[in-house]
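Q: Predicted model follows, preceded by the sequence.
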Amino acid sequence: MSQVLFLGDFWHHRGTVRVDCLNAVLNALNDWSQPLIMIPGNHDQVSLGGSEHALTPLQNAYRVSSEDDQTKDVPGVLIFSHSTKFREALFVPHIRDIGTMQSILQSKISASSSAVFVHADVTGAHMNDLITSSHGVAPAYFPPSVPIYSGHFHKPHVVERPEAAPGVSIRYVGSPYETTLAEAGQTKALLVLDANQGWECVEEIPLALGRKHWRAKSIDELLELQIMNERNMNDSLVGPFPLVNSGDRVVVSVHQEDLEELRRQAKDAADDRSPGVSMFDAKVKELRSIGASVEIRETKSVPNLSHIKTSTDSMEAQSGDPDWLLVEDMSPFATWSNYLQSEVKREAMKNSTAQVLLKAGNALLDEMGLSETSNERDAHRSNDAAHLSLNDITVEGFGPFKDSVTYPLRDRGLVLLRGSNRDGGSDRYV
């Protein structure tokens, strides 16, 4: 009998589960006849140890016949809340303590397993298309030469470090559908494994579930999007298709100046036969007409003011016309400088305060080994990362903090500073 494996994060909000969602899941599972094996992910777990989780309500959703005794039925959902070896494979739920996770992966049980199913943050794994994890468990801790499948990150991909972990290959299954814009364009698939062949993947079935997210970084990219309609619908074709469908989300980034120019041209070319609607507006209308959600985000250019005079009373750039760049193309120094200048311009900060913050911020960036003279675009495109550790935080003259108060942050884990202002102001301080 075939089985379904789920590697964690069945729910999103840990601690609370919506009743209507729970009822829908239970009703759907009631019609199942295949055994389901699940391990809790970090979004399922409530307690620090992980034994208390939101998968528990599913364990008695339905029952199936036992392979050994067809007259005896057993729970259809098998949940491994702790590290468990089953059918020669090791199942490891999410474990918050990295040391504990490492010891399990390095154990004799792990070494003797034919496969490992885990919910883990692995160093070097892709959290999404733009961010790579620098924490978690290093690949070298995983057993070599066996299939390893992990939940946790939504992007389907494989993590391999031959120089540091020879023979180790960790495959992130990924989410079955796109949940956010960060997953736009990702190929989702259902993996078919054969336990009799050492849990090797023998087939990938493409998935086209839920609504898709589409990211258009320019007007031209938006115009190139194709929609699902009667002309391109064909039951004989096998999906998924690169077509925008009803319920999909489209996010387009445009320069306001370019959009205004496009609309101006359409208006100038208008006559009795043409209402003067720009191609952009016509495309947005077409997408919305099929039930797609379209979000228009304005992209602004900001001046590259990385060298601000600190010996004058103004936050002005040095002489010469500024080189206009997008924010994401600017160096950390330029970003910090432009932010301070914008705060001064809108009178949210005095120039003297901005000068102090400018020097302090630049000093921190220098300590991080960043170069102020490096090319802006090259700096942005570099994949080099810096580790930033907060030792303490000092608050003064803000809200109730009239005098200087310093909170130590070193070796304290996550620290939340929370305040409440219920009367519109405060005349007390701590």
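A: Received it, and whenever you're ready, just let me know what you need. Since this is a predicted model, take the numbers as computed values, not measurements. Numbers count the residues shown, from 1 in each chain.
Q: Show me which parts of stretch 114-132 are buried, residue by residue.
A: Across stretch 114-132, burial judged by 16 or more other CB atoms under 10 Å covers 114-127. The way it works is simple: take the backbone N, C-alpha and C, and place the C-beta from them, glycine included.
Q: got a markdown table for those residues, with secondary structure, distance to Ala216 and pLDDT too?
A: A markdown table is the format used below for those (DSSP: H, G, I helix; E, B strand; the rest coil; distance: CB to CB, whole Å; pLDDT from 0 to 100):
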| residue | secondary structure | distance to Ala216 | pLDDT |
| --- | --- | --- | --- |
| Ser114 | coil | 45 | 95 |
| Ala115 | strand | 41 | 96 |
| Val116 | strand | 40 | 97 |
| Phe117 | strand | 37 | 97 |
| Val118 | strand | 36 | 97 |
| His119 | strand | 34 | 97 |
| Ala120 | coil | 34 | 95 |
| Asp121 | coil | 31 | 94 |
| Val122 | strand | 32 | 95 |
| Thr123 | coil | 33 | 93 |
| Gly124 | coil | 30 | 92 |
| Ala125 | coil | 28 | 94 |
| His126 | strand | 22 | 92 |
| Met127 | coil | 23 | 89 |
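Q: Need those residues in JSON lines (columns: distance to Met330).
A: Formatted as JSON lines, the buried residues of stretch 114-132 follow (distance: CB to CB, whole Å):
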{"residue": "Ser114", "distance to Met330": "51"}
{"residue": "Ala115", "distance to Met330": "46"}
{"residue": "Val116", "distance to Met330": "43"}
{"residue": "Phe117", "distance to Met330": "43"}
{"residue": "Val118", "distance to Met330": "39"}
{"residue": "His119", "distance to Met330": "37"}
{"residue": "Ala120", "distance to Met330": "35"}
{"residue": "Asp121", "distance to Met330": "30"}
{"residue": "Val122", "distance to Met330": "32"}
{"residue": "Thr123", "distance to Met330": "29"}
{"residue": "Gly124", "distance to Met330": "27"}
{"residue": "Ala125", "distance to Met330": "28"}
{"residue": "His126", "distance to Met330": "25"}
{"residue": "Met127", "distance to Met330": "23"}
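Q: tell me which of these is nearest to Val25?
A: Checking the buried residues of stretch 114-132 against Val25 by CB to CB gives His119 as the nearest, at 18.9 Å.
Q: what are the ranges of the strands in the stretch 101-250 of the chain?
A: Using DSSP state E, counting those that start in this stretch, the strands of the stretch 101-250 of the chain run over 115-119, 148-151, 157-160, 169-172, 189-194, 200-206, 213-216, 249-255.
Q: what's the nearest residue to Arg211 if we skip its chain neighbours?
A: Leaving out its chain neighbours, the residue that sits closest to Arg211 by CB to CB, 6 or more residues apart in numbering is Gly247, at 4.4 Å.
Q: and that neighbour, how many neighbours?
A: Neighbour count of Gly247, defined by other CB atoms under 10 Å: 12.
Q: where in this protein is pLDDT low?
A: Scanning the chain for pLDDT under 70 picks out 1, 67-72, 229-241, 270-276, 300-329, 371-388, 399, 415, 417-430.
Q: What segments of it are helices?
A: For the chain, the helices defined by DSSP state H occupy 19-29, 98-105, 108-111, 219-224, 256-268, 279-289, 332-345, 351-367, 376-381.
Q: Pick the most deeply packed of the ones you listed.
A: Burial of the helices of the chain is given as mean neighbour count (mean count of other CB atoms under 10 Å); helix 332-345 ranks first at a mean of 20.
Q: From Pro40, how far out is the spatially most central residue of the chain?
A: Taking CA atoms, centre = their mean as the criterion, Asn128 is the residue nearest the geometric centre of the chain, at 5.2 Å. Going from Asn128 to Pro40 by CB to CB, to the nearest Å gives 22 Å.
Q: again with Leu58
A: For Leu58, the distance to Pro40 - CB to CB - is 11 Å.
Q: What of Gly210?
A: Counting by CB to CB, the separation of Gly210 from Pro40 is 22 Å.
Q: Repeat that for Gly49.
A: Distance of Gly49 to Pro40, given as CB to CB: 11 Å.
Q: and what of Ser133?
A: For Ser133, the distance to Pro40 equals 20 Å [CB to CB].
Q: Between those two, which is the more surrounded one?
A: Counted by other CB under 10 Å, Ser133 and Pro40 do not tie: Pro40 has more neighbours, with 30 against 16.
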